[in-house]
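> Below are the sequence and a predicted model; questions follow.
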Amino acid sequence: MDKIVTIKSHPLRFDARKRGGIRGRNHGGSGRFSGVKSQGLRYVTPEGPEAETQPGSRGRVLRNLLGLTRKRDIDRAEFEALLKAQESFLDRVGPETRFTAKLIREMHRTWLGEIYSWAGEYRTVELQKGSFRWPPAFRVEQNMRVLEEGILRGNTPCRADALEAVTIRMAEVHADLLLIHPFRDGNGRIARWLADLMALQAALPAPGYEFEGRKNLGNRKRYLAAVVRGYARDYEPLAAFFSAAIAPRLERLG
């Protein structure tokens with residue numbers, strides 16, 4: 001779980017026509033996301049289901065509809081629900097599907113709707129990991145609209161192309177969605193699921209992330225470092241990660 005804080009006031013204002021825009025290779029976005037820098041904010045104690053942990057979990061598990069208190073149990077429930085949701089979306093997403101903010105919310109709700117009351121809803125709490133704070137919650141809807149009108153419209157449907165061209169499109173969508181962090185939890189998994197679907201749209205196998213186990217800690221660190229580079233609109237490292245994760249599977253397919 002990421003640390004949460006709730007914003008009481010925020011001095012930033014956003015006008016997509018005046019600020020530097022999202023400018024990837026395959027789109028002409030009109031504005032970069034609002035509130036990425038969050039210095040000078042005032043915080044109050046977070047309230048509501050998103051901010052609460054499950055009684056009896058010692059603060060390790062978010063309040064959930066299943067009443068689970070052990071982290072390994074909630075992790076298993078989320079994993080099994082994700083597999084089920086991913087299978088259901090294989091019939092819903094085709095080569096001509098354009099991803100939208102609404103569809104991403106539907107993906108999140110389909111996955112976690114039986115586990116959390118806030119599934120599919122934009123977060124209302126602020127998220128922080130270490131010293132990094134994601135853009136404020138009250139800007140999420142606007143930032144997702146910017147994402148939809150720029151990055152998503154320019155890069156989806158994800159057309160078949162050379163591997164490097166496809167993975168740069170995947171990287172742009174992936175990094176910018178993660179920069180917004182639209183949901184209380186599950187943002188990384190939603191972003192990777194979306195990357196999988198984009199690869200499949202382009203007639204490629206889904207990436208093999210290889211995150212599990214101690215031997216793959218370096219792989220996960222490279223991925224996270226590439227995501228951070230993507231936050232600064234340097235998408236090449238993340239595209240290279242996706243290429244490396246797809247290429248072996250592509251070779252096995254012949």
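Good, I have the coordinates.
> Tell me, how many residues neighbour the residue nearest to residue 231 when sequence neighbours are not counted?
The shortest distance from residue 231 to any residue other than its chain neighbours is 5.1 Å, reached at residue 179 (Cβ to Cβ, 6 or more residues apart in numbering). From N, CA and C alone the C-beta is placed, and that goes for glycine too. Neighbourhood size, residue 179 [other Cβ atoms under 10 Å]: 22.
> quick one, strands of this structure?
For the chain, strands defined by DSSP state E occupy the ranges 3-9, 42-44, 126-129, 132-133.
> Tell me where the protein is predicted with low confidence.
1-47 (pLDDT under 70).
> run the last query once more with 80
1-48, 213, 215, 254 (pLDDT under 80).
> Tell me where it has helices.
71-89, 101-112, 140-147, 153-155, 163-180, 187-201, 217-231, 236-252 (DSSP state H).
> Name the residues that touch the longest one?
When contacts are defined by Cβ atoms under 8 Å, 6 or more residues apart in numbering, helix 71-89 is touched by residues 57, 60-62, 64, 66, 68, 107, 110-112, 114-115, 186, 189, 193, 196-197.
> cool, and stretch 209-218?
Around stretch 209-218, the neighbours that count as contacts under Cβ under 8 Å, 6+ apart are 192, 219-220, 223, 245.
> before we move on, what about stretch 163-176?
With Cβ under 8 Å, 6+ apart as the test, stretch 163-176 has contacts from 22, 24-27, 33, 99, 147, 151-152, 155-156, 158, 160, 191-192, 194-195, 198-199, 202, 204, 226-227, 229-231, 233, 235-236, 238-243, 246-247, 250.
> how about 6 Å then?
Stretch 163-176 is contacted from outside by 24, 26, 147, 151, 155, 158, 191, 195, 198, 202, 227, 230, 235, 238-239, 242-243, using Cβ atoms under 6 Å, 6 or more residues apart in numbering.
> Compare the contacts of stretch 209-218 and tell me which has the most neighbours.
residue 223 leads those on contacts (other Cβ under 10 Å) with 23 neighbours.
> contacting residues around it?
Taking Cβ under 6 Å, 6+ apart, we find residue 223 in contact with residue 241.
> now the helices of the chain in a markdown table, with distance to residue 53?
Shown next, in a markdown table, are the helices of the chain (distance: least, Cβ to Cβ, whole Å):
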| stretch | distance to residue 53 |
| --- | --- |
| helix 71-89 | 11 |
| helix 101-112 | 16 |
| helix 140-147 | 22 |
| helix 153-155 | 37 |
| helix 163-180 | 24 |
| helix 187-201 | 18 |
| helix 217-231 | 25 |
| helix 236-252 | 32 |
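> Tell me which of the ones you listed approaches residue 122 most closely.
Among these, the nearest to residue 122 by Cβ to Cβ is helix 140-147 (4.5 Å).
> Export that closest one to PDB, keeping only CA atoms.
The C-alpha trace of helix 140-147 is given here as PDB (Å, rounded to 0.1, in the frame of the first residue of the first chain):
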ATOM      1  CA  VAL A 140      -7.200  13.000 -11.400                       C
ATOM      2  CA  GLU A 141     -10.400  13.300 -13.500                       C
ATOM      3  CA  GLN A 142      -8.900  16.200 -15.500                       C
ATOM      4  CA  ASN A 143      -5.600  14.500 -15.900                       C
ATOM      5  CA  MET A 144      -7.300  11.300 -17.200                       C
ATOM      6  CA  ARG A 145      -9.200  13.500 -19.700                       C
ATOM      7  CA  VAL A 146      -5.800  14.900 -20.900                       C
ATOM      8  CA  LEU A 147      -4.500  11.300 -21.200                       C
END
